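Chemist: Any chance you could fold what I've pasted below:
(2 chains)
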Amino acid sequence: MELSVVTEKACTASCCGVSQRLTASELCDRGLRRRRLEPLAIVGPTLHGNDGLTAQFSLRCEGDAVTSIRFKASSCATLLAYCELIAELAVGRSIAECARLSAGALVATLSDVPVFKRDRAILAVSTFHQALAQTKRQMNSIQSAAIAV
Amino acid sequence: MKVAYIFATSRHSVSYVLGKMILPQLEENRHGVDVVGMFFFEDNNFVLVKGNPIGERLHNVARKKNILLMGCDQCCYEREIADKLFDGVPIGCFPDLYKALSGNMPDQIITL
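Modeler: A predicted model of the protein is given here:
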């Protein structure tokens, strides 16, 4: 996935109207808000990482495109930032493109995260990939059912 | 007695209480207790940034006395200094602090 093609969006809140930035702090803030939302239709498994951390992604797809992403994750600032980064990068992409997203790409994007916190990127990406796999399974079963009919 | 300090307020807690009381006393081995850890919130984290003169002394004394120094991760991300701290100084939240202190638990935690 091409990480550099990230469009800057203006904040939709009434508070500031400034452009959103891809920093750990701002991603964490936006991630906290996204985490409060109810899960979408396709819910991936909850994965467990170091230090008792957990994450779970849910997706909405139209055709082959991921159109909306939400997640539940432990209240670790770094994990929330990585999960939010995935949600912002992957939305609008195809499932195949999303599957190419790597922990290394997340780490490279948030270069100010200290080395000993970067394992959170692996948990975030692994959980997201599991949700994508769940999506594929559900799409395949729907196709199989349609063929059978 | 072992103590840990949490620097939670942002007026004179670092420049005065740490810089002019606790730190000189630690350097002179007359603080009166063993300090096992210090945790920093908000703007107090700037003392952990490389080049900070009080931080340089604190980092030296912490290495000599095996004192844990840790910055609040959200506070450091917000100030964009998480990758600018003294070598070996971690950032984290309460679970990280308690885990780091678990091998050398303080008898008292003092919030300043």
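
Chemist: residues in contact with B:D34?
Modeler: Taking Cβ atoms under 8 Å, 6 or more residues apart in numbering or on different chains, we find B:D34 in contact with B:1-3, B:65. (C-beta placed from N, C-alpha, C; glycine too.)

Chemist: Would you mind stating the distance between the residue sitting nearest the centre point of chain B and chain A?
Modeler: Centroid-nearest residue in chain B, with Cα atoms, centre = their mean: B:M38, separated by 3.2 Å. Per Cβ to the nearest Cβ, to the nearest Å, B:M38 is found 18 Å from chain A.

Chemist: Could you list the contact residues of chain A toward chain B?
Modeler: Within chain A, the residues that sit near chain B (Cβ under 8 Å from any Cβ of the partner chain) are A:23-25, A:28, A:51-52, A:75-78, A:81, A:111-114, A:116-117.

Chemist: go again using 7 Å as the cut-off
Modeler: By the rule Cβ under 7 Å from any Cβ of the partner chain, the part of chain A lying against chain B is A:23-25, A:28, A:51, A:76-78, A:112-114, A:116.

Chemist: helix or strand for A:I69, which one?
Modeler: Using DSSP states H and E, A:I69 sits within strand A:65-73.

Chemist: Show me the contact partners of the helix or strand following that strand.
Modeler: Following strand A:65-73 in sequence order, the next helix or strand is helix A:77-90 (DSSP H and E). Helix A:77-90 is contacted from outside by A:1, A:3, A:6, A:22, A:24, A:27-28, A:30-32, A:34-35, A:53, A:55, A:66, A:69, A:71, A:73, A:98, A:101, A:106, A:109-110, A:113, A:117, A:120-121, A:123-125, A:128, B:73-74, B:77, B:93, using Cβ atoms under 7 Å, 6 or more residues apart in numbering or on different chains.

Chemist: Quick check: the gap between the nearest residue to B:F86 once chain neighbours are set aside and A:A73.
Modeler: Residue nearest to B:F86 in three dimensions, not counting chain neighbours: B:H59, with 4.5 Å by Cβ to Cβ, 6 or more residues apart in numbering or on different chains. Distance, B:H59 to A:A73, by Cβ to Cβ, to the nearest Å: 33 Å.

Chemist: Tell me which of these two has more neighbours.
Modeler: A:A73 (27 against 21; other Cβ atoms under 10 Å in any protein chain shown).
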